[in-house]
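Peer 1: structure, please.
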Amino acid sequence: MGEVVKVNPLDVVILIPSLNPDEKLLLLLQELFEMGFLWIVVVDDGSTPECGNVFRQAEAFGCIVEHHRENLGKGTAIKTALKAAAFRCGCRSGYITADGDGQHLAKDILHVAEALVQHPESMVLGVRDFSGPGKAVPWRSRFGNRVTSVFFRLVNGIDCPDTQTGLRGIPAGLAGLALSVEGNRYEYEMNFLMDAVRRCKVRFVEIETVYDERNQNSHFRPIADSIRIYGRFLKFAFSSLAGAAVDYLLFCLLLPFFAFSQTKTVFLATAVARTGSGIFNFLLNRYYSFGSREPAGQEAFRYMLLFLGQMLASAGLVSLLALFQVPVLLAKVIVDTVLFFISFRIQKNWVFAGGGCFGKEMS
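Peer 2: Model prediction:
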């Protein structure tokens, strides 16, 4: 038997994107260094000049500090930190992303680091408990997290109690994916999480729920950043609606050109319109929704199988529900809504699984 090598949980790199920090960041850094963490990368994401002293003190503590001349977003800051870590810190056990605004405590960062070292092939999430009357959690944060958790379950089939947590343990093997995932701001974290669950297991570590001053210092913009977070899914929804519009338009335009019986005319017009809308929807999803760069032929074949399967499933399930006295139109709405979410998952995980938005592993 080979010698068992013990890995120090402190031999990870802490990555902290920061915008206009105050003394809370310095207190966190001091605690982390006192715990024995050796590698901490702080990214100044376009902070005001008044914050310069904070970053100078961070450097004095021993942090690696990278600067953005202007605010480029949390996603870009995390990528900058990863690049700096790879260049300055060498090969480490993994990476821990954390916020420097007081929401993530040093002891919880340590717990996530320990879990990451114990399970180096898994992604580790520090999850907060939003339940209980004693939790001073802003309603928008509580509501937003519940919505994204339900959304994550629908499109990935995985329960995740806190999809919005910024305290994450990233195994070294996912560094390449983390660098290539699309997104520059808050949407980056959701995109990376959705891609990471396809490649590794996710483990959860419960952390303390901290919301100082009712989260007034948060840089999250509820409307703009929420749209970004759901960006992939909204693009897919838009392409589906556009495909349906093309299908209807082609059907209406083709009807006058077929001089057959009504049954044959409707059948031919439906077949041609559905084929045309299918091609349109495939191209829109390939280049717009999922940003694929893989060979089109393979993806087109997989899409065709899904397209035919979805069409047969829709017809069969609607007919089945009709047998149980469910109104046909209601049955179609129910069935097609369920198939819509299933189709998104299949296209994301199979049809366009090699797309550019999913990135490549670091060799």
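Peer 1: all helices for the stretch 251-363 of the chain, in order.
Peer 2: 262-284, 296-323, 328-346 (DSSP state H, counting those that start in this stretch).
Peer 1: for Glu189, which of those is the nearest?
Peer 2: The minimum distance between Glu189 and the helices of the stretch 251-363 of the chain falls on helix 328-346, with 19.3 Å, by CB to CB. The way it works is simple: take the backbone N, C-alpha and C, and place the C-beta from them, glycine included.
Peer 1: ok now that closest one, how far from the chain's centre?
Peer 2: From the chain centre to the centre of helix 328-346 is a distance of 23 Å (CA atoms, centre = their mean, to the nearest Å).
Peer 1: please work out how many residues are found near Phe233.
Peer 2: 18 (other CB atoms under 10 Å).
Peer 1: and Leu330, by the same measure?
Peer 2: Around Leu330 there are 12 residues (other CB under 10 Å).
Peer 1: in CSV, list the C-alpha atoms belonging to stretch 152-171.
Peer 2: What follows is stretch 152-171, C-alpha atoms only, in CSV (Å, rounded to 0.1, in the frame of the first residue of the first chain):
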residue,chain,number,x,y,z
PHE,A,152,-32.4,25.4,-10.4
ARG,A,153,-34.3,22.2,-9.5
LEU,A,154,-36.5,22.5,-12.6
VAL,A,155,-33.7,22.9,-15.1
ASN,A,156,-31.1,20.7,-13.5
GLY,A,157,-33.0,18.1,-11.5
ILE,A,158,-30.8,18.8,-8.4
ASP,A,159,-31.9,20.3,-5.1
CYS,A,160,-29.7,23.2,-4.1
PRO,A,161,-30.8,25.1,-0.9
ASP,A,162,-28.7,28.2,-1.6
THR,A,163,-27.9,28.8,-5.2
GLN,A,164,-26.9,32.4,-4.6
THR,A,165,-24.2,31.7,-2.0
GLY,A,166,-20.8,33.4,-2.8
LEU,A,167,-18.9,31.0,-0.5
ARG,A,168,-17.8,28.2,-2.7
GLY,A,169,-15.1,25.6,-2.8
ILE,A,170,-13.9,25.0,-6.4
PRO,A,171,-11.8,21.9,-6.9
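Peer 1: give the buried residues for that stretch.
Peer 2: 152, 155-156, 160-171 (16 or more other CB atoms under 10 Å).
Peer 1: for it, what is the average pLDDT?
Peer 2: Stretch 152-171 shows a mean pLDDT of 83.
Peer 1: how much space between Thr163 and Val246?
Peer 2: Counting by CB to CB, to the nearest Å, the gap from Thr163 to Val246 is 33 Å.
Peer 1: then Leu306?
Peer 2: Relative to Val246, and taking CB to CB, Leu306 is found at 18 Å.
Peer 1: what of Gly62?
Peer 2: Relative to Val246, and taking CB to CB, Gly62 is found at 59 Å.
Peer 1: cool, and Ala84?
Peer 2: With CB to CB as the criterion, Ala84 and Val246 are 46 Å apart.
Peer 1: repeat that for Ile346.
Peer 2: 21 Å.
Peer 1: kindly indicate which of the buried residues of stretch 152-171 lies nearest Leu317.
Peer 2: So of the buried residues of stretch 152-171, ranked by how close each gets to Leu317 (CB to CB), first place is Val155, at 20.0 Å.
Peer 1: need the helix or strand of the protein with the lowest average pLDDT.
Peer 2: helix 222-229 (a mean of 55; mean pLDDT, DSSP states H and E).
Peer 1: now the helices for the stretch 51-200 of the chain?
Peer 2: Under DSSP H, counting those that start in this stretch, the stretch 51-200 of the chain gives helices at 52-61, 74-88, 106-118, 139-156, 175-180, 187-196.
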